[in-house]
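Participant: Quick check, what structure comes out for this input:
(one chain, ligands or ions: 1)
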Amino acid sequence: MDQVLKTAEKISSMQIRGAGRIATAAAASLRDFSLGLRVQSLEEFNSEIKRAADVLVKTRPTAVSLSNAIRMVTKYQAGDLESARQAVIENADRFIENSRKAVERIGQIGSRRIRDGDTVLTHCNSQAALSVISTAHEAGKRVKVIATESRPRFQGITTIGMLDKIGVETELIVDSAVRSVMNEVDLVVVGADVITANGTLVNKIGTAQIALSAREARTSFMVAAETYKFSPKTILGELVTIEEREPEEVLPDISRYKHVKVRNPAFDVTPHQYIDLICTEAGAIPPEMSYLIIRERLGWELEEES
Ligand code: RI2
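Facilitator: This next block holds a predicted model:
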């Protein structure tokens with residue numbers, strides 16, 4: 001269990017971050033846990049796996065990628081201990097490989113929306129969004145990227161670092177400069193933590209005001225998301241929990257103040273009307289088609305839940 005607790009700690013402290021990465025880290029952790037699990041019976045194995053899954057799923061309350069990954073890994077029907085172990089290992093490996101391929105495919109599909117000479121604005125640090133940009137760059141298109149800092153955790157610095165390595169020209173802006181540059185932007189590309197049944201996007205705090213600004217400036221707004229970022233439970237009416245993180249991430253010396261409260265929501269909600277396109281590994285869809293993605297790709301979960 002030590003290894004699972006360590007991974008859980010890395011996910012909650014955001015040493016491992018990004019909706020896709022936390023999902024694959026949780027899958028790998030369950031696989032390794034299953035590999036080393038010394039128990040006598042299938043029942044014990046099942047309950048230990050459930051215990052580990054519960055620890056991992058609680059680490060970040062918003063990202064549905066985590067619960068979707070854990071459900072895919074722990075969904076098995078086995079008659080004995082060793083076949084259960086084998087199933088968890090195979091499920092985890094399959095999830096990790098599919099996730100890698102999905103990000104690659106999203107890059108191939110989404111990059112078609114980028115034209116030679118375009119300026120693309122991105123927010124935070126998203127593997128899926130960066131795959132779109134880097135695939136366009138690799139195809140020989142000249143792309144300039146404007147990246148927001150993404151306070152309070154400054155994931156924008158990670159983004160410019162990654163793009164710098166592959167030779168993409170970037171400009172870094174503070175989050176509040178988005179409207180000032182929006183008229184120079186051809187396309188906004190962001191990732192997703194959750195997409196609901198009606199195509200609403202939950203993503204890094206600040207995304208909603210970028211979408212608003214893009215709409216006002218008539219700039220296209222695209223979301224890059226693997227299908228496991230879609231939330232089956234939203235079909236059943238469940239609301240998405242928005243994670244509120246420690247105030248110290250925003251104001252490290254908050255203890256000096258007596259009457260100050262710092263709010264630190266990690267994500268916000270962008271209505272589907274502000275989104276032109278969601279690019280998934282199953283194709284680029286209008287947000288209103290999210291329901292179908294959930295039914296076709298994640299439908300099994302609905303049967304279990306209802
Ligand atoms: P990929 C991140 O969350 C950001 O909100 C980003 O847009 C989203 O996950 C998707 O990232 P955080 O972990 O899965 O930084 O595309 O809170 O990498």
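
Participant: Contacts (any at all) between the ligand and stretch 118-137?
Facilitator: Yes: against the ligand, stretch 118-137 shows contacts by Cβ under 6 Å from any ligand atom at 124, 126-128. All C-beta atoms are positioned from the backbone trio N, CA, C, and that covers glycine.

Participant: can you give me how far the helix or strand harbouring residue 55 is from the chain middle?
Facilitator: Secondary structure from DSSP states H and E places residue 55 in helix 42-57. Mean C-alpha position of helix 42-57 versus that of the full chain (Cα atoms, centre = their mean, to the nearest Å) differs by 24 Å.

Participant: near the ligand, which residues of the protein?
Facilitator: With the criterion set to Cβ under 6 Å from any ligand atom, the chain comes near the ligand through 17-21, 124, 126-128, 155, 190-193, 203-204, 266.

Participant: rewinding a little: is it possible to get JSON lines of the residues of stretch 118-137 next to the ligand that adds neighbour count?
Facilitator: Converted to JSON lines, the residues of stretch 118-137 next to the ligand look like this (neighbours: other Cβ atoms under 10 Å):
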{"residue": "124", "neighbour count": "27"}
{"residue": "126", "neighbour count": "27"}
{"residue": "127", "neighbour count": "22"}
{"residue": "128", "neighbour count": "26"}
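
Participant: Quick one: end-to-end distance for stretch 235-250.
Facilitator: From the first residue to the last, stretch 235-250 extends over 34 Å; the measure is Cα to Cα, to the nearest Å.

Participant: wait, stretch 177-195
Facilitator: In stretch 177-195, first residue to last residue: 26 Å (Cα to Cα).

Participant: pLDDT (mean, whole number) over that stretch?
Facilitator: Stretch 177-195 shows a mean pLDDT of 98 in the predicted model.

Participant: Give the buried residues for that stretch.
Facilitator: Buried positions in stretch 177-195, judged by neighbour count with 16 or more other Cβ atoms under 10 Å: 178, 181-182, 185-195.

Participant: Looking at these, which is nearest residue 244?
Facilitator: Compare each of the buried residues of stretch 177-195 with residue 244 using Cβ to Cβ and the shortest gap goes to residue 193, at 14.0 Å.

Participant: Might one say that that closest one is in contact with residue 267?
Facilitator: Yes: counting by Cβ atoms under 8 Å, a contact exists between residue 193 and residue 267, whose distance comes to 5.7 Å.

Participant: got any residues that touch both of these two?
Facilitator: 62, 202-204 (Cβ atoms under 8 Å, 6 or more residues apart in numbering).

Participant: ok, so of these, who is nearest residue 114?
Facilitator: Relative to residue 114, the closest of the shared contacts of residue 193 and residue 267 is residue 203; by Cβ to Cβ it sits at 19.5 Å.

Participant: Give me the distance between the closest one and residue 193.
Facilitator: Going from residue 203 to residue 193 by Cβ to Cβ, to the nearest Å gives 6 Å.
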